[in-house]
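# structure for this input, please:
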Amino acid sequence: MVTATTPAQLAAIGARRIGPASMSIGFDLRDFKSRLSIVRARVNPGDIPLAGDFNNDGCDTLSIYRPSEARFYIINELGSDDAGLGAAEFSFLFGNLGDKPVVGDWDGDDIDEIGLHRESTGFFYFRNTLTSGVADDQFFFGNPGDRFVAGDWGIVDGVDTPAVFRPSNTTFFFRHTLTQGIADSQFVFGELGWLPVAGEFGLG
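This next block holds a predicted model:
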């Protein structure tokens with residue numbers, strides 16, 4: 001599951017930097033308190049940043065999903081300054097063009113894995129290893145057009161499960177298990193056009 005830590009266990013924030021075609025596109029990860037840049041990296045236009053602990057070392061790192069290839073690039077080192085993200089430890093294909101990536105620990109082994117949400121159908125697909133292959137499991141949750149997030153909700157057992165934000169009625173819907181079914185809980189929050197984000201906020 002996603003936490004916001006660096007190797008020094010400092011809270012950090014990141015941003016995807018987008019500019020005109022003539023300018024660099026990349027990620028900028030900064031220390032939350034000092035606002036000093038920890039790592040900056042240039043990436044391809046269209047790349048989607050992912051944060052997760054992909055090797056159970058207690059540190060989230062930045063990885064990439066490249067929609068143009070339907071390929072994930074998993075990187076277990078943060079790098080430093082302008083050295084970039086470094087070479088990917090894992091690179092694999094998963095899903096179809098247009099799928100939206102999501103990170104979560106689907107099997108409770110303290111290692112984040114990859115999932116995909118197909119907004120056109122409302123299906124969620126996930127794998128329990130960082131390898132190419134068909135989905136280890138899949139199920140339908142939500143409506144087409146819902147915005148997908150994952151976290152350890154409801155039943156706090158170390159296993160991440162899905163939630164969706166429905167812009168049409170600004171409502172979050174949560175499943176507490178990795179199974180198909182109606183929402184286990186829900187609440188209204190946000191405004192039309194907002195994007196959902198998951199995290200462990202305000203807890204020691």
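# show me what contacts residue 175?
141, 161, 162, 163, 181, 183, 184 (CB atoms under 8 Å, 6 or more residues apart in numbering). Using the backbone N, CA and C atoms, a C-beta is placed for each residue, glycine as well.
# give me the pLDDT for the third one.
Here, the pLDDT recorded for residue 162 equals 95.
# count of neighbours near it?
Residues within reach of residue 162, counting by other CB atoms under 10 Å, total 27.
# returning to what we had before: could you flag which of the contacts of residue 175 are buried?
141, 161, 162, 163, 183 (16 or more other CB atoms under 10 Å).
# between which two of those is the distance greatest?
161 and 183 (11.0 Å; CB to CB).
# shared neighbours, the two?
By CB under 8 Å, 6+ apart, the residues touching both residue 161 and residue 183 are 174, 175.
# hang on, the earlier thing: which member of the buried ones among the contacts of residue 175 is positioned nearest residue 64?
residue 162 (22.0 Å).
# direction included, what does the helix or strand harbouring the closest one pair up with?
Using DSSP states H and E, residue 162 maps to strand 161-166. Using DSSP bridges, the strands paired with strand 161-166 are strand 147-151 (antiparallel), strand 171-174 (antiparallel).
# deepest in the core, which of those is it.
strand 147-151 (a mean of 21; mean count of other CB atoms under 10 Å).
# avg pLDDT for that strand?
94.
# show me how far it is from its chain's centre.
Computed by CA atoms, centre = their mean, to the nearest Å, the chain-centroid distance of strand 147-151 equals 8 Å.
# that older thread, now the strands paired with strand 161-166 as CSV including distance to residue 87?
Below are those laid out as CSV (distance: least, CB to CB, whole Å):
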stretch, distance to residue 87
strand 147-151, 27
strand 171-174, 37
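# tell me where the model's unsure across the chain.
1-42, 79-86, 202-204 (pLDDT under 70).
# again, only this time at 50
1-24 (pLDDT under 50).
# show me the domain layout of it.
The chain breaks down by automatic domain parsing into domains covering 1-93, 98-204.
# ok so, going back, now, the most widely separated pair of the contacts of residue 175?
Largest pairwise distance in the contacts of residue 175, by CB to CB, is 13.2 Å, between 163 and 181.
# now residue 164: how far from residue 193?
Distance, residue 164 to residue 193, by CB to CB, to the nearest Å: 16 Å.
# got it, and residue 180?
29 Å.
# so how many other residues sit close to the closest residue to residue 166 other than its chain neighbours?
Of all residues beyond its chain neighbours, the one nearest residue 166 is residue 146 (5.2 Å), with distances taken as CB to CB, 6 or more residues apart in numbering. Residue 146: 22 surrounding residues under other CB under 10 Å.
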